[in-house]
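*Asks:* just need the structure, nothing else, for what follows:
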Amino acid sequence: MLAFSKMARLPGLLQTRATVFLIRNYHKQPIEVVWKKPEHGWTKLNFDGSRKHGQASIGGIFRNHKGEFILGYSEPIGAATSTVAEFAALKRGLELVLENGWTDLWLEGDAKIIMDIISKRGRLRCQEAKKHVNYINVVMPGLSNCVLSHVYREGNRAADKLAKLGHQFQDPKVWRLHPPDIVLPIMHEDARGKIVLRTK
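*Replies:* Modelled structure (predicted):
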């Protein structure tokens, strides 16, 4: 009787689990993601980190209110975690901000943990990450206008390309007049306001 009871309940249990699975996936509708231009007079930096086989690289791209290219960067940083790479990407972007004397900045990345730690002054155990965060927390308040925001990776595609490109280099790269060809199609799509669907 005990064995029979278990077998009798099994189809119902499977049906219940299948129903829950369908309900969960039914509510997971694709999210529309769009790269947004900054206000007139503002400069927007999208930054990202990449990690491959234990080695990390970083990248970022500055654009104006028309979505036009201003400056891009990409470089390897050696062995590092993904989190350290994200912080390093933002730090490098801020270094370039200071070098060029820019103000009115919109900083945007796709790692939410970065936003949480910086905005909430969260604690970090990793000394390398702490070093980058300390620099960021010193520089950002000193800028006249500075906004930091999170975007899904579908809205950070240009920075993602540059970050991954860094794995190919031995030394830091900076583009000041024209971006590398690999990001041009994405820049054109971003400038047109192309909607990219996030399905996960």
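
*Asks:* and the most centrally placed residue in the chain, how close does it get to Val33?
*Replies:* The chain has Asp110 as the residue nearest its centroid, 2.4 Å off, counting by CA atoms, centre = their mean. Remark: distance between Asp110 and Val33 (CB to CB, to the nearest Å) = 10 Å. Bear in mind the C-beta positions are built from the backbone N, C-alpha and C, glycine included.

*Asks:* list residues touching both of the two?
*Replies:* Shared contacts of Asp110 and Val33, defined by CB atoms under 8 Å, 6 or more residues apart in numbering, are found at Val151, Tyr152, Gly155.

*Asks:* just the buried ones out of the residues you listed, please.
*Replies:* Val151, Gly155 (16 or more other CB atoms under 10 Å).

*Asks:* which of the shared contacts of Asp110 and Val33 fall in strands?
*Replies:* Using DSSP state E, the subset of the shared contacts of Asp110 and Val33 located in strands is empty.

*Asks:* same list, the shared contacts of Asp110 and Val33, but as TSV with distance to Ala56 and pLDDT please.
*Replies:* Output for the shared contacts of Asp110 and Val33, formatted as TSV (distance: CB to CB, whole Å; pLDDT from 0 to 100):
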residue	distance to Ala56	pLDDT
Val151	21	95
Tyr152	21	94
Gly155	22	96
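
*Asks:* from the shared contacts of Asp110 and Val33, which is closest to Met187?
*Replies:* Nearest to Met187, judged by CB to CB, of the shared contacts of Asp110 and Val33 is Gly155 at 12.9 Å.

*Asks:* that closest one against Leu197, yeah?
*Replies:* No. Judged on CB atoms under 8 Å, Gly155 makes no contact with Leu197 at a distance of 11.4 Å.
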